[in-house]
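**Q** below are the sequence and a predicted model; questions follow.
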Amino acid sequence: MMKKVALNRRTGRLSQMTDTNLLLTITIVVFFAMYLAAMLFIGRGFLRVQTFLNILNENAALIILSCGMSLVMITGGIDISVGKLTALVCMSAAVNLDYNGGSILTSILIALGIGLAFGIVQGYLVAYLDIQPFIVTLGGMFFAKGMTTIVNATQFNVQNEAFVALKNTRIYLPVGSVNRLGKFVPAYVEIGVVVAIVTVIVLFILLRWTKLGRSLYAVGGNSQSANMLGINVRRTKFIAHLLCGLLAGIGGYVYFLHVGSGAPSHASGAEMNAIASSIIGGTMLTGGVGNIIGTFFGVLSLSTIKNIVALLGLDDAWWTNITVAAMICIFLVVQSAVLLRKKDRN
Amino acid sequence: MTAETLKKTGSAGWMGLFRNQIFIPIAALLVLVIFNLIADPSFFQISYSLNSNGDPVLSGYLITILDNASELAILAIGMTLVTAASGGQDISVGATIAIAGSVVLRVLCGDNPRPDEMQASILTAFLVCCVVSMLFGAFNGALVAFLNIQPMIATLILYTAGRSIAAWINNNRLPIISDPSFGYFGTFLPGVPIPTPIFIALICMVIIALTLKFTTLGLYTQAVGINPNSAKLNGINPQMIKFITYVIMGLCVAVAGFIKVTRFSTINYSVVALDIEMDAILAVALGGNALSGGRFSMASSILGAYVIQFLTTTLFKFNVSSSALPAYKAVVVIALVVLSAPAVRAKMGKLWRSLQASKLKKEAA
C-alpha cells in the first residue's frame, strides 16, 4: 500500500489514487469550496475567525465521537451506541459533581470508565462471540438510554465551582477581529477543541504509521486474507470497539464541558451525525476505506452547511434537516459514481 | 443447512427444532410466558366489557400485545425482505411512517387542520399514502440497488430528513380528524370486540405468505442475498430484486403509518413511531435471520416482533417507567442474542454431546 501511495504522489493521477485518498480529496475540496462560497456570497459572520472557531467549539465532542466511529467503520463494523453513551456520561458526571461531592478528577474517571466498560463489553460480544455489531451496539444504545434516566431522570445544570471555572476556560488565540468600536477582540477556543485536535492527530498517526492502524484497514478490507497474513482479526476488532467506547467516554466529557448540564435528551442523534460525518469524510461502511482527517473535515462540512442554512434565514425548523440530508445524498452519489467509474476503467 | 446438520448429528426430531431458526423466538416467547405465569397469572386474563360507545370490546394484556405489535409485525415483513436481499437494514422506517401519516392527514384534511368533515374518502387517502410511501421506498431502493450504496447509509438520508418532510407536508400544523369512522381502523370496528390493527396485521401476513408460496420472490431474494453474482449468472436481475424489496418495504411502511395515525386520529411528527426502526431490525435479528443477508424465515421475524412487544408489555406491567424501559430491554435482548450466537451455541452443543457421551459410557459400564 505504501508503494502505491508513493506511486500516486509521483504521477498524481486521479485514477491511480487509492480509494481512501480519492475520497479524502473530494471531502477537503468540497469543504473549502463551500466555506469560500459562504464567505463570498453570505459574508457577514463567515468573514470572522470566531465563526469558524465556534463551529469547532460546538462540534469538538462530535469530532471525537466521529473519530471513534471511523475506527469501527474501517474494520467493517458500526457503533450506534455513542450518542446515548454521551448522554449517560454527561448525566453520570453531573450527578457525581453535584450530588455525590465528586471532583473534576473523579468525574473524568467516571466518564472514561463508562466509555471503557461499554467498549470492552461491546468489543467482546462483537469480536469473540461473532454477534453482529449493529445488534450489539443497538443493545448498548438501549441500555445507555435507559440507564441515563435511572441515574437521574431530569435535566439540571451543574453548580460545582471548579467545574464551572473549567467550563468557562477559554484559550485565546493571537488572531481575532476588530469589532464595531474598533477594539481588537481575540478569537478563542474551548478546552474541548484542544482535546479533539489532539485526538485527531493521535489517531491519524495510529492509523498511518503503526501496525495496529494497518491491521484495522486489513481486517476491514478482507478479514480472511488479514487472517492469513497472521493478523489477529478478533483482537483487532476488539481493540477498535474498545477505542470507540473510550473515545465516546472522552467525547461525552467534552460534550459535558461544553453544555455543563446533564439531561437524558443530550446528544440525541449524535450517532447518526457521527456516521454521516464519517461517510462525508470518505469512510465506507463496508470497511477498509477511511481516514481520520476526512472525518474531521466531514464534521466541519456538516456543521458549516447547518450554519449556512441558518444564516440564509431559512429558519423554518425543517430546512436544516432537509439540507443536511440532501448534502449526504449528493456526497453518496458522487462517491459511488467516482468509485464505479474507477472500477470500470480498471 | 438444517438437513445437513441433522444428518451429521443424526439426532431426534426435537434436536432438529433446536437447530431450526424459529426455535429462538419460540424459546424467548416461552421464557416470557413462563415468567409471567410464575410472577402473576392474571397477566393472561382477558375480560369482556362495553366501552364508552356501548360496543363490546375485549381487553387484557394479551390483547394489548397483539394490538400494539401490529405495526411492528408489518414492518418486520418488509425489513426481513430488505435485509435478505441487500444485506443491510432500512433505518428510515420511523421517519417514513411520519411521512405516510402526514400524507393521510393532508389528503383527508386539505388546508384546514380541523375539518368538520373529511375532504376525501379514507380509501383515497390510504391509496395516496401507499403511492407516496412506495415512492420513498423506491428512492431508497434506487440508491441501494443502482448506486451500490450500503443500505444503512442510503436510508440515513430519509432518516435525517423524513420527519422534517412530514412536518413540511402539513405546514407544521397538527391536523385532527373528528370523524369517528376514521378511528375505526386504529381502535375497534363497531360491534367487533377485537382491535382492528390485529386484523390488518393478519391480512398483511396472509398476503406475504401467499406471495412467498406462489411467486418466486422469496427464492430470488435469498439467491440475491447469498450471492448476487451467481444470481445474475442464473438469469436473476439482482438490482431489480433489491429495488423491489425496498418498494415492498415502502408499502409496509404505508400500512403501519396508516394504523399509527388512525390510533389517535392525529400525528406528532417528532415522536410518532420513534425508534421503531430499531425494534423492527431487532425483530429480524431475534428471528435468527442473518443481518448480512441471504436465507430468511418470515415466520421467525414476525414472531420476533411479537416477542419484543410481549417483553415491552411485561416490563410495563411491572411498573418499569417508560424512560427506564430500554435498559431492561437491552439486558434481555443482549442475553437472547448471546445465547443464540453461533459461538455460544457451538460450545453448548459440545457440552451437550460430551454429557451424552459420558451417559452412554456409564450405561455401557
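**A** Nice, thanks for sending it over. Numbers count the residues shown, from 1 in each chain, chains lettered A, B, ... in the order given.
**Q** restrict stretch B:54-72 to CA atoms and write it as CSV.
**A** Presented in CSV, the C-alpha positions along stretch B:54-72 are these (Å, rounded to 0.1, in the frame of the first residue of the first chain):
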residue,chain,number,x,y,z
GLY,B,54,-71.5,0.9,24.1
ASP,B,55,-69.7,-1.5,21.9
PRO,B,56,-68.3,-4.8,23.2
VAL,B,57,-64.6,-4.9,23.5
LEU,B,58,-62.0,-7.5,24.7
SER,B,59,-59.3,-6.1,27.0
GLY,B,60,-56.3,-7.6,28.7
TYR,B,61,-52.6,-7.7,28.4
LEU,B,62,-52.6,-10.3,25.7
ILE,B,63,-54.9,-8.2,23.6
THR,B,64,-52.7,-5.2,24.2
ILE,B,65,-49.7,-7.1,23.0
LEU,B,66,-51.4,-8.4,19.8
ASP,B,67,-52.8,-4.9,19.2
ASN,B,68,-49.7,-2.9,19.7
ALA,B,69,-47.4,-5.3,17.9
SER,B,70,-49.3,-4.9,14.7
GLU,B,71,-47.2,-2.1,13.2
LEU,B,72,-44.0,-3.8,14.2
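**Q** ok, for B:G137, nearest residue in space, not its chain neighbours?
**A** Excluding the flanking residues, the one nearest B:G137 by Cβ to Cβ, 6 or more residues apart in numbering or on different chains is B:G250, at 2.3 Å. Every C-beta, even on glycine, is put in place using the N, C-alpha and C of the backbone.
**Q** following the one helix or strand the one you found maps to, which helix or strand comes up?
**A** In this assignment (DSSP states H and E), B:G250 forms part of helix B:238-264. Downstream of helix B:238-264, the first helix or strand assigned by DSSP H and E is helix B:276-286.
**Q** the inter-axis angle of that next one versus helix B:238-264?
**A** Per axes from the mean of the first three to the mean of the last three Cα atoms, to 10 degrees, the angle that helix B:276-286 makes with helix B:238-264 is 120 degrees.
**Q** please see if helix B:276-286 touches chain A.
**A** Yes - Helix B:276-286 reaches chain A (Cβ under 8 Å from any Cβ of the partner chain) through B:278, B:281-282, B:285.
**Q** list the contacts of the residue nearest the centre of chain B.
**A** Nearest residue to the geometric centre of chain B (Cα atoms, centre = their mean): B:A76, 2.5 Å. Shown in contact with B:A76 (Cβ atoms under 8 Å, 6 or more residues apart in numbering or on different chains): B:280, B:283-284, B:287, B:301-302, B:304-305.
**Q** repeat that for 10 Å
**A** B:69, B:83, B:201, B:205, B:252, B:279-284, B:286-287, B:289, B:298, B:300-306, B:308 (Cβ atoms under 10 Å, 6 or more residues apart in numbering or on different chains).
**Q** residues in contact with the residue in chain B positioned nearest to chain A?
**A** Nearest to chain A, among the residues of chain B, is B:A327, at 2.4 Å (Cβ to the nearest Cβ). Going by Cβ under 10 Å, 6+ apart, B:A327 touches A:142-150, B:315, B:320.
**Q** format the residues of helix B:276-286 next to chain A as a markdown table; extra columns: distance to A:Y35.
**A** Putting the residues of helix B:276-286 next to chain A into a markdown table (distance: Cβ to Cβ, whole Å) gives the following:
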| residue | distance to A:Y35 |
| --- | --- |
| B:M278 | 35 |
| B:I281 | 37 |
| B:L282 | 41 |
| B:A285 | 42 |
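**Q** between those residues, which sits nearest A:Y253?
**A** Nearest to A:Y253 among the residues of helix B:276-286 next to chain A is B:M278, at 26.0 Å by Cβ to Cβ.
**Q** which helix or strand contains the residue lying closest to that closest one once chain neighbours are set aside?
**A** In space, and not counting its chain neighbours, B:M278 is closest to A:L138: 5.7 Å by Cβ to Cβ, 6+ apart. Element membership of A:L138, judged by DSSP H and E, is helix A:133-151.
**Q** and that helix, what does it pack onto?
**A** Contacts defined by 3 or more Cβ pairs under 10 Å, 6 or more residues apart in numbering or on different chains; DSSP states H and E place helix A:133-151 against helix A:49-74, helix A:82-98, helix A:104-127, helix A:233-259, helix B:276-286, helix B:325-340.
**Q** and the pLDDT for B:V104?
**A** B:V104 is assigned 94 on the pLDDT scale.
**Q** for the stretch 1-150 of chain A, which residues are neighbours of chain B?
**A** Residues of the stretch 1-150 of chain A lying close to chain B (Cβ under 10 Å from any Cβ of the partner chain) are A:78, A:80-81, A:84, A:121-122, A:125, A:128-136, A:138-150.
**Q** what sits against A:F331?
**A** Counting by Cβ under 10 Å, 6+ apart, A:F331 has contacts A:23, A:26-27, A:30, A:276, A:279-282, A:298, A:301, B:153, B:157.
**Q** again, only using 7 Å
**A** A:279-280 (Cβ atoms under 7 Å, 6 or more residues apart in numbering or on different chains).
**Q** that one and B:A145, how far apart?
**A** 19 Å (Cβ to Cβ, to the nearest Å).
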